[in-house]
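Novice: have a look at this prediction, sequence included:
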Amino acid sequence: MTILRFIRFVIGYNNSMINKNRLIRLTRDLIRINSENPPGNEKEISGFIKKYLGRIGVKCSLIEFAKGRTNVLALIKSKEPKAKTILISPHLDTVPAGRGWKVAPFEGRVINGKIYGRGATDCKGNLAVAIETINSIIEDKAEIKNNILFAATADEETGSGFGLIPLLKKNFLKCDYALILDSDKFDIVIAQKGLIHFKVSVFGRKAHGAYPWKGINAINIASDIIQDLKKYKFKYKKHPLLHPPTINIGTIHGGDKVNMVSDWCEFEVDIRYLPGMSSKEILPDIRRVIAKRAKKFNVKIDGIQDPYEISKSHPLVERLAAVSKKYAKSCRGGTVCRPYKGSEGATVITFFKDKNIPAVAWGFGAQECCHVNDEYASIESLYKGAKALEKFLAK
């Protein structure tokens, strides 16, 4: 045992031994491994993580629910006889890089205290933070209060169908608390909207374009329905962390030829709704709106994800908030925004609802850097994030 570690042993586990340079190298290495989704293949990056953790004595399991869609699981056990288990889970995949970057998306370049590349913020910076924290805990033989279940998951960017969802359903993620590392600026996501995705198909009757009165134009009907949906008034109570419910028309297709009356039109709808609201109440109301305009139509539900909320007074949230305030302050130049945040989009924390597992999202990426060109993460934020995560797990 080194003199420094002996001192830490005597005075207690109070100071982080996070290795900043090692964290930077790891983040850059992860960015250099292309894990774009679509097409979706996490085999290479999961293999890298297994070898990396294996070198420090952490045994990993690789689990696939489709070829190449690989998840990484590892368990670090506490010596406490009544230890609970906390899940720490970043994801492995990224959205496609696309064109128009000024900085190469898969080089992990460091410029002015920032690491650039696809996934730097979402979510490879957070992934590197989790791995470095585990490395530090193992290296220092820290006595942790809880078991740490590490799960780096596949397919988060296209619905988690090959990642978190089957891992939960098949009971690979047995835990008492879940901390999803997929946020930025130390924000703690404690509430999020639900979503409903559905396709509306409207049917009319064909006719020659010169005689539109002889047909029934499905495009015209669909247009009227869309205008009605834009005026639709949700029934809801105002939420302190979230905007009101929304409706967005994402796609529209219809008709076969310009000189024909279209006998079909379909459009896709995205609804985001608040905690306390129910899809079972919203959908029948939407159907009534459509039925006022269309005699023949069909509504196909493509996905429903319930809203989620956890109390600020929950022990998991309170402990995170205490740690987050301390490290976020030093990272933000002495100013701290409110630590609690609501997510307008759908994060994976909602999937823990059916298992009655308290869950929050937390992370250290750069604000408004998700899914954009020249994505980056602040080195200082990642470093302080690793120290904060280590402090949280140690306590």
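Specialist: Yes, it's here.
Novice: which non-adjacent residue is nearest Arg69?
Specialist: Of all residues not flanking Arg69 in the chain, Phe162 sits nearest, at 3.8 Å (CB to CB, 6 or more residues apart in numbering). Backbone N, C-alpha and C define where each C-beta goes, glycine included.
Novice: the one you found against Gly68, yeah?
Specialist: No. Taking CB atoms under 8 Å as the definition, Phe162 is not a contact partner of Gly68, at 9.1 Å.
Novice: pick out whichever of those two has more residues nearby.
Specialist: Ranked by neighbour count (other CB atoms under 10 Å), Phe162 and Gly68 place Phe162 first, with 26 against 14.
Novice: so which residues of the stretch 101-250 of the chain form strands?
Specialist: Listed in chain order, the strands of the stretch 101-250 of the chain (DSSP state E, counting those that start in this stretch) span 110-111, 114-116, 147-152, 177-181, 188-192, 194-203, 207-208, 246-254.
Novice: looking at those strands, which is closest to Pro90?
Specialist: strand 177-181 (4.1 Å; CB to CB).
Novice: what residues are up against Asp302?
Specialist: Contacts for Asp302 (CB atoms under 8 Å, 6 or more residues apart in numbering) come out as 197-199, 268.
Novice: low-confidence stretches in this protein?
Specialist: Within the chain, the ranges that satisfy pLDDT under 70 run 1-16, 329-338.
Novice: show me where it has helices.
Specialist: Listed in chain order, the helices of the chain (DSSP state H) span 3-11, 20-32, 43-54, 125-139, 164-169, 218-230, 279-291, 315-331, 379-394.
Novice: how about these in a markdown table, adding mean neighbour count and distance to Thr350?
Specialist: Listed next are the helices of the chain as a markdown table, based on neighbours: other CB atoms under 10 Å; distance: least, CB to CB, whole Å:
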| stretch | mean neighbour count | distance to Thr350 |
| --- | --- | --- |
| helix 3-11 | 11 | 39 |
| helix 20-32 | 19 | 26 |
| helix 43-54 | 18 | 24 |
| helix 125-139 | 25 | 19 |
| helix 164-169 | 20 | 10 |
| helix 218-230 | 18 | 24 |
| helix 279-291 | 14 | 12 |
| helix 315-331 | 18 | 16 |
| helix 379-394 | 24 | 22 |
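Novice: as CSV, those with distance to Trp362 would be great.
Specialist: Formatted as CSV, the helices of the chain follow (distance: least, CB to CB, whole Å):
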stretch, distance to Trp362
helix 3-11, 25
helix 20-32, 17
helix 43-54, 20
helix 125-139, 9
helix 164-169, 16
helix 218-230, 35
helix 279-291, 27
helix 315-331, 6
helix 379-394, 8
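Novice: before we move on, the earlier item: who touches both of Phe162 and Gly68?
Specialist: In contact with both Phe162 and Gly68: Gly40, using CB under 8 Å, 6+ apart.
Novice: any idea how far stretch 292-311 is from the middle of the chain?
Specialist: 21 Å (CA atoms, centre = their mean, to the nearest Å).
Novice: could the C-alpha coordinates of it be exported in CSV?
Specialist: What follows is stretch 292-311, C-alpha atoms only, in CSV (Å, rounded to 0.1, in the frame of the first residue of the first chain):
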residue,chain,number,x,y,z
LYS,A,292,-65.7,13.7,-37.0
ARG,A,293,-63.9,14.1,-40.4
ALA,A,294,-63.4,10.6,-41.7
LYS,A,295,-66.0,7.9,-42.4
LYS,A,296,-63.3,5.3,-43.2
PHE,A,297,-60.0,5.4,-41.2
ASN,A,298,-57.6,3.3,-39.2
VAL,A,299,-55.4,4.1,-36.3
LYS,A,300,-52.3,1.9,-35.7
ILE,A,301,-50.4,2.3,-32.4
ASP,A,302,-46.7,2.0,-33.0
GLY,A,303,-45.6,2.7,-29.4
ILE,A,304,-46.7,3.8,-26.0
GLN,A,305,-44.3,4.7,-23.2
ASP,A,306,-45.8,5.8,-19.8
PRO,A,307,-44.7,9.0,-18.1
TYR,A,308,-42.5,8.7,-15.0
GLU,A,309,-41.9,10.7,-11.9
ILE,A,310,-40.0,10.1,-8.6
SER,A,311,-40.2,12.3,-5.5
